[in-house]
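Participant: pasting the sequence and the predicted model now:
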Amino acid sequence: MLPLVPANTTIWGICGGSGSGKSTLVGMLRALLPPDTVSVLHLDAYYRDLSHLQPSAREQANFDHPDSLEHELFVEHIDGLLAGRPAYVPTYDFATHSRLPEVDVVPPAPLVIVEGILIFAFAALRERFAYSVFLDVPESVRLERRVARDVVARGRTEASVRAQFAATVAPMHDAFVQPWASSASRIVRYGADYEQVARQLADRFRSDKRELRTP
């Protein structure tokens, strides 16, 4: 087990619907800060293990509802990072809807970025964010991006991706994602230059850290 280390950690949340560009923005922000300054915690890693169900039953699960995620463990790991402890993050197999034996060790860092579609749906997460960003992207754009990703990265058919989007992704977005946009510290509208947004966020983090060091 890795030792407890001082962290002086700030938690930021980056939220938005599927295909809104969360991973892209997070990657740009990480590239602008020293490697040991930023750790990232992805809510997608915390889908509940469905290995106890038959494969046909697993396929029927609504993976776009907050109940599909083990948010209790996610909060526990965030609190551990705030205390200076590493998080031992589950590895989720999207093909079988089950967790693998391996874990991903996320070390504490001055900035921990929490990223996910449903991170604003849980009060326990929202209250831990020192700063938060919501990426507001139209449904039509998010759908096309999701089709492009899932067909290539997850081996799915375009028809199945579109069917799932209509059945669960869009309704759950309307119920549990979009309503929380106004709770964000900053809303980034579609068409914004994400590189510029990343630079602004990096500047904000540096400014916040300077203020904390000022006696």
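Facilitator: Alright, I've got the coordinates.

Participant: just the buried positions in stretch 169-182, please.
Facilitator: Val169, Ala170, Met172, His173, Phe176, Val177, Gln178, Trp180 (16 or more other Cβ atoms under 10 Å). For every residue, glycine as well, the C-beta is placed using N, CA and C.

Participant: residues touching the third one, list them.
Facilitator: To tie it back to what came earlier, the one meant is Met172. When contacts are counted by Cβ atoms under 8 Å, 6 or more residues apart in numbering, Met172 touches Asn62, Asp64, His65.

Participant: Gln196: which of these is nearest?
Facilitator: Asp64 (30.2 Å; Cβ to Cβ).

Participant: which non-adjacent residue is nearest that closest one?
Facilitator: Distances taken as Cβ to Cβ, 6 or more residues apart in numbering place Met172 nearest to Asp64, at 3.6 Å, with adjacent residues excluded.

Participant: and the closest residue to Pro101 other than its chain neighbours, how far is that from Arg142?
Facilitator: Spatially, and ignoring its direct neighbours in sequence, Pro101 is nearest to Thr91 (7.9 Å; Cβ to Cβ, 6+ apart). To Arg142, Thr91 is 26 Å away according to Cβ to Cβ, to the nearest Å.

Participant: so for these two, which sits in the more crowded spot?
Facilitator: The neighbour comparison of Thr91 against Arg142 (other Cβ atoms under 10 Å) goes to Arg142, with 22 against 11.

Participant: name the SS class of the nearest residue in space to Leu41 that is not next to it in sequence, please.
Facilitator: For Leu41, ignoring the flanking residues on the chain, the nearest one in space by Cβ to Cβ, 6+ apart is Val114 at 5.0 Å. What DSSP: H, G, I helix; E, B strand; the rest coil gives for Val114 is strand.

Participant: in contact with Val114, which residues?
Facilitator: Val114 neighbours (Cβ under 8 Å, 6+ apart): Ile11, Trp12, Gly13, Ile14, Val40, Leu41, Leu43, Ile78, Leu125, Phe129.

Participant: narrow the residues you listed to those in strands?
Facilitator: Ile11, Trp12, Gly13, Ile14, Val40, Leu41 (DSSP state E).

Participant: so can I have JSON lines of those residues showing pLDDT?
Facilitator: Below are the ones in strands among the contacts of Val114 laid out as JSON lines (pLDDT from 0 to 100):
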{"residue": "Ile11", "pLDDT": "96"}
{"residue": "Trp12", "pLDDT": "98"}
{"residue": "Gly13", "pLDDT": "98"}
{"residue": "Ile14", "pLDDT": "98"}
{"residue": "Val40", "pLDDT": "97"}
{"residue": "Leu41", "pLDDT": "97"}
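
Participant: many thanks, have a good one.
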